[in-house]
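Novice: Sequence and predicted structure are below.
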Amino acid sequence: MQAALSIETIKRRHGKRYAASYSKIRETLPTIESSVPFAKAFEVLTSTTKAKFDESVEVSIRLGVDPTQSDQMIRGAVTLPHGLGKKSVIVVFAKGEKAKEATAAGADFVGADDLIEKINGGWQDFTSVVATPDMMGTVSKLGRVLGPRGLMPNPKVGTVTFDLAKTIPEMKKGRAEFRVEKAGVVQTSVGKFSFGAEKLVENFNSLMEQIMRAKPASLKGHYILSIFISSTMGPGIRVDHQEFLTK
C-alpha cells in the first residue's frame, strides 16, 4: 500500500478546500483507507464539506471485470427511489402517435429532422435523449455530438424504446445510468447532500442491486472490488463492500 500523501501535496494537486476535507477525513477515520458503512461515510462527508451549494454524492465502484471483453462490458440504468435531485430536460425522437405519447408523458422536446438540425446547430440545453427504434437511423447522424456527452440513445439503458409512457416519467423522476470504464470503474451519482443519509442509502442500495444483476456469468473471482463515495468538491471515502462479496 502506498504511503498517504502529505497535506501539502494534496493542496498543490487539488486546492485548499479539498486538502482541508482530506485532512478532516483522515482525522475522523482510523486511516484514509478505512472502510465504513455508507451512512457513516456520508456522515463524514457532510462534516468535512465547505461548499456553498447542495453537493452531489458520487459513487465510484471498481469491478473485477475486463471491459475489453464484450460479455463483461457492464452498462445499465436504474430508477432511484428518491431521484437524483436535479432537473431532467428530455429530448425524444419520435413521429406520429409516438410523438404524441412522448408529449403526453412529459417530454420537454419532441421531434425528428427538426431536432437533428437544432442540435447540429449547437443547441445543448438538455440532459437526456430518448428515441423510438424506428428513429435510430436518423438519430445516428448525431453520433459525434451526443456520443462524447454520453447521451446517445442505447437499448441497454432503456433509451431506445417504444414504451415512452413508462420510460419518460421514470427519467423525470431520476435515473442513474452507469457504464464501466476502461479501468473497470463505474461512476455515477446517487443524489444530493440535502437528501439525508436514509434516502441516499436507499438510492445506493437500488444502484447496487442493479449492478449486481449485471454481473457477467463468465466472471471469475470477485465482482465488487471496492466502493468509494465522495462529494462534488471533496475526496472519496471507502465504503464497506463485504456484503457484496458473496452475491
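Specialist: Nice, thanks for sending it over.

Novice: now could you export just the CA positions of stretch 54-69 as PDB?
Specialist: Taking Å, rounded to 0.1, in the frame of the first residue of the first chain, the C-alpha atoms of stretch 54-69 are listed here in PDB:
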ATOM      1  CA  ASP A  54     -26.100  21.400  -2.500                       C
ATOM      2  CA  GLU A  55     -23.300  18.900  -3.400                       C
ATOM      3  CA  SER A  56     -24.000  15.700  -5.300                       C
ATOM      4  CA  VAL A  57     -22.900  12.400  -3.700                       C
ATOM      5  CA  GLU A  58     -20.900  10.400  -6.200                       C
ATOM      6  CA  VAL A  59     -20.300   6.700  -6.100                       C
ATOM      7  CA  SER A  60     -17.200   5.000  -7.600                       C
ATOM      8  CA  ILE A  61     -17.300   1.200  -7.800                       C
ATOM      9  CA  ARG A  62     -14.300  -0.800  -9.000                       C
ATOM     10  CA  LEU A  63     -15.300  -4.100 -10.600                       C
ATOM     11  CA  GLY A  64     -13.300  -7.200 -11.200                       C
ATOM     12  CA  VAL A  65     -14.300  -7.300 -14.900                       C
ATOM     13  CA  ASP A  66     -12.300  -6.900 -18.100                       C
ATOM     14  CA  PRO A  67     -14.100  -4.200 -20.100                       C
ATOM     15  CA  THR A  68     -12.300  -5.300 -23.300                       C
ATOM     16  CA  GLN A  69     -14.400  -8.500 -23.200                       C
END
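
Novice: residues of that stretch that come out buried?
Specialist: 55-65, 67 (16 or more other CB atoms under 10 Å). In short, each C-beta sits where N, CA and C put it, glycine included.

Novice: tell me the phi and psi of residue 221?
Specialist: Residue 221 adopts backbone torsions of phi 90, psi -170, taken as degrees, to the nearest 10.

Novice: in the protein, what residue sits furthest out from the centroid?
Specialist: Centroid-distance maximum for the chain: residue 96 at 32.3 Å, with CA atoms, centre = their mean.

Novice: The most centrally placed residue in the chain pairs with what?
Specialist: Centrality entry for the chain: nearest residue to the mean C-alpha point is residue 188, 2.3 Å, by CA atoms, centre = their mean. On the basis of DSSP bridges, residue 188 is bridged to residue 59.

Novice: in this protein, which spans are strands?
Specialist: Along the chain, the segments classed as strands by DSSP state E run 56-63, 75-79, 90-93, 109-111, 128-131, 175-179, 185-192, 224-231, 237-239.

Novice: Most tightly packed of those?
Specialist: The densest packing among these, expressed as mean neighbour count by mean count of other CB atoms under 10 Å, is seen in strand 90-93 with a mean of 26.

Novice: Show the contacting residues for the nearest residue to residue 133 once chain neighbours are set aside.
Specialist: Of all residues not flanking residue 133 in the chain, residue 160 sits nearest, at 5.7 Å (CB to CB, 6 or more residues apart in numbering). Residue 160 makes contact with 130-133, 136, 153-154, according to CB atoms under 8 Å, 6 or more residues apart in numbering.

Novice: separation between residue 212 and residue 146?
Specialist: Separation of residue 212 from residue 146 (CB to CB, to the nearest Å) stands at 29 Å.
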